[in-house]
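# need a 3D model of the sequence below.
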Amino acid sequence: MITKLSHASLFVTDQNKAYDFYVNKLGFKVNTDVTMENGFRWITLNPPDQPDLEIPLLAPLHEGMHYEEDVRNAFKLLLEKNLLGAGVLFTPDCLATYEELKAKGVQFKGEPKEQFYGIEAIITDGCGNWFSMTQPKEM
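You can find the predicted model right below:
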């Protein structure tokens, strides 16, 4: 029986830039940061309130990933267009978090908006991924 998801990967164009975004701007915690002999860097992060969920920041354009050139090119295209990753980031106060992150230089596709499920702002990591930053509607 499977009991939980332990890792969920994010593919990124630049691990250093992604590290800065997730750790220094969003406040994620570093779980692992190791560079292997072939130069491949294995970084895993945890959201502050989810220490049991590790998020590897994978660089698919690095030859250490062992992808063929056409696969690397496909990743490159999708990441450059911010089309590869998506997810939902929870916040208890979307408007305050929006202002806090905007002051840190985080890019948004627009201001927070009221939606049927809560208040949402679309955020980009600058490394190929976008997220719905959402304050769920109170039930």
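# could you use CA atoms for every contact and neighbour count after this?
Will do.
# helix or strand with the lowest mean pLDDT in this structure?
Each helix and strand of the chain was given a mean pLDDT (mean pLDDT, DSSP states H and E); the minimum falls on strand 85-90 at a mean of 86.
# packing partners for it?
Counting contacts by 3 or more C-alpha pairs under 8 Å, 6 or more residues apart in numbering; DSSP states H and E, the secondary-structure elements packed against strand 85-90 are strand 129-136.
# where does this structure have low pLDDT?
Within the chain, the set of residues satisfying pLDDT under 70 comprises 139.
# then the least confident helix or strand of the chain to CSV, C-alphas only?
Provided in CSV are the C-alpha atoms of strand 85-90 (Å, rounded to 0.1, in the frame of the first residue of the first chain):
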residue,chain,number,x,y,z
GLY,A,85,5.4,23.0,-14.3
ALA,A,86,2.4,24.2,-12.4
GLY,A,87,1.0,23.8,-9.0
VAL,A,88,-0.8,25.5,-6.1
LEU,A,89,0.9,27.3,-3.3
PHE,A,90,-1.2,27.7,-0.2
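# heads up, I number from 72, so please use that
Let's use 72 as the start, then, which means that last one is strand 156-161.
# got the buried residues for it?
Neighbour counts over strand 156-161 (16 or more other C-alpha atoms under 10 Å) mark G156 as buried.
# stretch 182-192 too?
Counting neighbours by 16+ other C-alpha under 10 Å, one finds that the buried residues in stretch 182-192 are P183, I190, E191, A192.
# likewise for stretch 171-181?
Buried residues in stretch 171-181, counted by 16+ other C-alpha under 10 Å: V177, Q178, F179.
# distance of the first one relative to T195?
What that stands for is V177. Between V177 and T195 the distance, using C-alpha to C-alpha, to the nearest Å, works out to 8 Å.
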